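1. here are the coordinates; sequence isn't available:
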């Protein structure tokens, strides 16, 4: 159940949306085509969420994570299935016959996407909420879909108190539209500061 009040939700949405707009501008320059990143819904829940929402179709999942470093703890997660990855590579990368070179380019592209999106949102959290924080380097993992829920549950116990789900839409200039799972584990200090800002 969403624990944000309407004002708290509005502020959280504004922070993330500003980060997304900045990320879209940066990423558009890198890939030399227009890309838009939009939010359709956000939700903050206390304790363990229903992990079924995070199990994507397909047997193999690529998970990218970025840890928040500084005054407060947190971590972002980006989940992509094989279909979504293929769409990103088709939209952003030139053809590459060499298998090893192709894999290197693909991993670099995924990390760059995660780095740009996570870093811009973390910067907005920092600016809007007055925290001294920044994002660590992204980490990329490959795992079967059935292991995703267990991995997230284990990290939720270690990292934090709240789960922020962001329904995100990536729209590329070539009419490719993706809706990957993008979400955050955040410490209670984030919510406390948001509540202070909306009193």
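-> Here it is on my side, so go on. From a predicted model like this one, the values you see are computed outputs, not experimental measurements. Numbers count the residues shown, from 1 in each chain.
2. Distance from the chain centre to stretch 98-116, please.
-> 17 Å (C-alpha atoms, centre = their mean, to the nearest Å).
3. Now do it: everything it contacts.
-> Under the criterion C-beta atoms under 8 Å, 6 or more residues apart in numbering, residues 23, 26-27, 30, 62, 64-66, 76, 78, 80, 85, 88-89, 92-93, 96, 135, 137-138, 140 lie in contact with stretch 98-116. Using the backbone N, CA and C atoms, a C-beta is placed for each residue, glycine as well.
4. switch to 10 Å and redo it
-> Contacts to stretch 98-116, defined as C-beta atoms under 10 Å, 6 or more residues apart in numbering, come from residues 19, 22-27, 30-31, 35, 37, 62-66, 76-78, 80, 85-86, 88-89, 91-96, 135-140, 142, 170, 180, 182.
5. Inside strands: which ones of the residues you listed?
-> Among the contacts of stretch 98-116, the members found in strands (DSSP state E) are 35, 37, 62-66, 76-78, 80, 135, 139-140, 142, 170, 182.
6. Would you mind measuring from residue 23 to residue 35?
-> From residue 23 over to residue 35 the distance is 9 Å, taken as C-beta to C-beta, to the nearest Å.
7. hey, what's in contact with both of these two?
-> Residues touching both residue 23 and residue 35 (C-beta under 10 Å, 6+ apart) are 113, 170.
8. Look at residue 3 and tell me its secondary structure.
-> At residue 3 the chain is in coil, as set by DSSP: H, G, I helix; E, B strand; the rest coil.
9. My read is that it contacts residue 12, right?
-> No. Judged on C-beta atoms under 10 Å, residue 3 makes no contact with residue 12 at a distance of 11.1 Å.
10. overlap in contacts of those two?
-> In contact with both residue 3 and residue 12: 43, 44, 191, using C-beta under 10 Å, 6+ apart.
11. Which elements pack onto the helix or strand harbouring residue 195?
-> Taking DSSP states H and E as the criterion, residue 195 maps to helix 188-197. Counting contacts by 3 or more C-beta pairs under 10 Å, 6 or more residues apart in numbering; DSSP states H and E, helix 188-197 is packed against helix 6-31, strand 35-46, helix 99-129, strand 162-172.
12. rewinding a little: more crowded one of residue 3 and residue 12?
-> Ranked by neighbour count (other C-beta atoms under 10 Å), residue 3 and residue 12 place residue 12 first, with 25 against 12.
13. Surely residue 76 and residue 120 touch.
-> No. Residue 76 is beyond contact range of residue 120, at 11.0 Å (criterion: C-beta under 10 Å).
14. hmm, back to that, same list (the helices and strands packed on helix 188-197) but as TSV, adding distance to residue 197.
-> Listed next are the helices and strands packed on helix 188-197 as TSV, based on distance: least, C-beta to C-beta, whole Å:
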stretch	distance to residue 197
helix 6-31	6
strand 35-46	15
helix 99-129	7
strand 162-172	16
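15. To residue 186, which of those lies closest?
-> Shortest distance between residue 186 and the helices and strands packed on helix 188-197, using C-beta to C-beta, is found for strand 162-172: 4.9 Å.
16. That concludes my questions; thank you for your assistance.
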